[in-house]
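Undergrad: missing the sequence, but the structure's below:
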């Protein structure tokens with residue numbers, strides 16, 4: 001029993017480091033060094049064709065922990081060789097081999113002398129033999145620890161170095177084996193870390209359309225769809241193809257890259273668009289690892305070959321008695337949308353019958369597809385106006401009105417007479433009457449009220465047609481306060497248009513003021529008609545307070 005106690009103690013000493021090693025093994029071996037990369041390490045010792053393992057084992061090379069597997073060259077014919085095959089590795093299970101972009105080998109450790117360089121060779125699962133190419137790692141230092149790395153650098157070749165089940169084999173040799181060298185010095189190699197990195201791509205590329213924009217409209221029979229694409233980092237295999245569907249995703253068509261192999265921008269010439277309508281256009285990209293984008297909802301392109309038409313106007317064509325404050329409008333028949341930028345002062349015009357353009361504010365109501373012209377001021381009475389929607393107006397697809405559309409209407413007539421002002425002999429406003437004041441017939445055989453003194457009546461006439469004024473007195477001049485009443489014949493009261501030269505006696509019947517009748521008055525203000533007045537008195541006229549009502553009548557003339 002005494003002899004077993006040391007053994008038990010020894011057993012405990014062995015188990016404790018072993019347990020510690022297993023913990024470190026589980027913690028330190030990385031399964032994924034970065035996004036879309038996986039590191040794999042050997043899971044059993046190598047087979048030696050030439051050379052041998054001196055100490056350590058495969059566990060010593062799984063992590064860089066300063067524990068080494070020591071291997072030694074073997075002499076054959078005076079030349080030292082190291083040729084070993086690592087046939088047991090962790091399985092590459094993160095992706096299928098067609099997603100593989102590259103394989104890298106990393107060696108860390110040191111060597112006995114500097115006379116050797118180290119090479120690796122991969123097993124080709126497509127040919128069932130070791131590949132013919134050797135990949136140079138380099139030379140390690142003679143003291144701990146150096147690091148060497150090499151990559152295949154070719155995705156297509158790298159994929160042949162992994163089986164469909166994710167298996168991997170690596171041949172490791174010195175320069176004498178790989179290149180036929182004749183180095184005669186023996187080298188021991190101390191391997192602290194040997195691992196393979198598998199760079200793969202399982203992330204789909206992305207694409208986007210720059211033309212058309214969603215709900216864009218066109219009247220073309222062919223259209224160039226344009227867009228961009230990229231394959232996200234960090235491990236990108238590159239975009240291999242972008243396809244476009246113009247029927248919502250049923251049929252896919254290849255696009256043309258900006259340059260061979262460069263799909264950063266791409267285009268698809270969609271020729272022979274079959275019919276009008278709304279098309280859903282989608283894009284999808286595929287990278288060199290075979291990852292294909294799930295297409296998004298796409299964009300909608302509205303193909304419209306039908307020109308808009310005018311379906312109605314306000315006022316209507318030929319309409320009369322239109323309010324001078326009207327807003328002129330035109331409504332379009334259009335299946336989609338009008339291009340509001342083409343509805344402006346150049347394409348929607350209004351002129352009067354004299355050819356004078358009317359200014360105003362132009363707007364558009366998309367709900368009713370109606371363009372509106374709101375004049376800056378009221379239109380003239382009795383004028384014929386012509387509104388025009390020109391062929392410069394188009395829908396958003398670019399279809400223009402087939403021709404200019406013009407229509408005319410006439411505003412309502414007006415016949416308006418107002419008393420603008422009266423003037424008394426002292427120059428003050430008369431308030432609707434003319435007062436000659438106190439006059440003495442003994443001072444003169446007659447008194448002239450017209451001329452320079454301000455005895456006047458000012459009328460404002462607004463007429464949209466030919467017109468004339470009639471003037472008449474309601475009675476002779478009379479002083480009905482006297483008994484019997486005093487009378488002065490109305491003919492002694494006379495009128496003359498200001499600036500005229502002939503005095504006309506008032507009568508008790510209508511008298512035309514103008515010969516010939518004037519045309520319509522200027523608008524919008526109308527025309528002032530001013531009458532100068534005078535009263536002639538003689539010795540027989542009795543003193544009194546005389547008055548008479550004078551009537552002015554405005555008549556439309558044929």
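TA: Great, that's in hand. From a predicted model like this one, the values you see are computed outputs, not experimental measurements.

Undergrad: give me the distance between residue 486 and residue 476.
TA: Using Cβ to Cβ, to the nearest Å, one gets 10 Å for the distance from residue 486 to residue 476. Where C-beta positions appear, they are placed from N, C-alpha and C, glycine not excepted.

Undergrad: list the contacts for residue 240?
TA: Contacts here follow Cβ atoms under 8 Å, 6 or more residues apart in numbering; on that basis residue 240 touches 263, 286, 287, 288.

Undergrad: quick one: buried residues of the one helix or strand the first one maps to?
TA: Which is residue 263. Using DSSP states H and E, residue 263 sits within strand 262-270. For strand 262-270, the neighbour count (16 or more other Cβ atoms under 10 Å) marks 263, 265, 266, 267, 268, 270 as buried.

Undergrad: just checking, what packs against it?
TA: strand 223-230, strand 239-245, strand 256-259 (3 or more Cβ pairs under 8 Å, 6 or more residues apart in numbering; DSSP states H and E).

Undergrad: tabulate the ones you listed in TSV, adding columns for mean pLDDT and distance to residue 507.
TA: Putting the helices and strands packed on strand 262-270 into TSV (pLDDT from 0 to 100; distance: least, Cβ to Cβ, whole Å) gives the following:
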stretch	mean pLDDT	distance to residue 507
strand 223-230	98	85
strand 239-245	98	94
strand 256-259	98	97
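
Undergrad: ok, and which of these has the densest surroundings?
TA: Greatest average neighbour count among those goes to strand 239-245 (a mean of 21), per mean count of other Cβ atoms under 10 Å.

Undergrad: do a quick rundown of the strands in the stretch 451-558 of the chain.
TA: Listed in chain order, the strands of the stretch 451-558 of the chain (DSSP state E, counting those that start in this stretch) span 456-463, 467-473, 477-479, 486-488, 493-497, 504-505, 511-512, 527-535, 550-556.

Undergrad: mind putting those strands into TSV with mean pLDDT?
TA: Formatted as TSV, the strands of the stretch 451-558 of the chain follow (pLDDT from 0 to 100):
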stretch	mean pLDDT
strand 456-463	92
strand 467-473	96
strand 477-479	94
strand 486-488	94
strand 493-497	92
strand 504-505	96
strand 511-512	95
strand 527-535	90
strand 550-556	94
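
Undergrad: for those, give me CSV that also has mean neighbour count and distance to residue 208.
TA: Output for these, formatted as CSV (neighbours: other Cβ atoms under 10 Å; distance: least, Cβ to Cβ, whole Å):
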stretch, mean neighbour count, distance to residue 208
strand 456-463, 20, 66
strand 467-473, 18, 72
strand 477-479, 18, 97
strand 486-488, 19, 100
strand 493-497, 19, 82
strand 504-505, 14, 89
strand 511-512, 14, 83
strand 527-535, 19, 70
strand 550-556, 15, 72
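
Undergrad: which ones among the contacts of residue 240 are found in strands?
TA: 263, 286, 287 (DSSP state E).

Undergrad: re earlier: closest one of the buried residues of strand 262-270 to residue 547?
TA: Nearest to residue 547 among the buried residues of strand 262-270 is residue 270, at 92.6 Å by Cβ to Cβ.

Undergrad: what's the nearest residue to the closest one if we skip its chain neighbours?
TA: The shortest distance from residue 270 to any non-neighbouring residue, by Cβ to Cβ, 6 or more residues apart in numbering, is to residue 223 (4.8 Å).

Undergrad: mark out where each domain of the protein begins and ends.
TA: Per automatic domain parsing, the domain ranges recorded for the chain read 21-200, 206-303, 309-410, 415-556.

Undergrad: spatially central, which residue of this structure would that be?
TA: The chain has residue 213 as the residue nearest its centroid, 7.8 Å off, counting by Cα atoms, centre = their mean.

Undergrad: could you confirm it falls within a strand?
TA: No. Read with DSSP: H, G, I helix; E, B strand; the rest coil, residue 213 is coil and lies in no strand.

Undergrad: so it sits right up against residue 299, yeah?
TA: Yes. At 6.6 Å, residue 213 and residue 299 qualify as touching, with contact defined as Cβ atoms under 8 Å.

Undergrad: list the buried residues for stretch 232-241?
TA: 235, 236, 237, 238, 239, 240, 241.

Undergrad: can you redo those as TSV with distance to residue 63?
TA: As requested, the buried residues of stretch 232-241 are exported to TSV (distance: Cβ to Cβ, whole Å):
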residue	distance to residue 63
235	24
236	29
237	30
238	34
239	37
240	37
241	42
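
Undergrad: closest to residue 318 among those?
TA: Of the buried residues of stretch 232-241, the one sitting nearest to residue 318 (Cβ to Cβ) turns out to be residue 241, at 63.6 Å.

Undergrad: just the buried residues of stretch 415-425, please?
TA: For stretch 415-425, a neighbour-count test (16+ other Cβ under 10 Å) marks 415, 417, 422, 423, 424, 425 as buried.

Undergrad: thanks again, I'm all set now.
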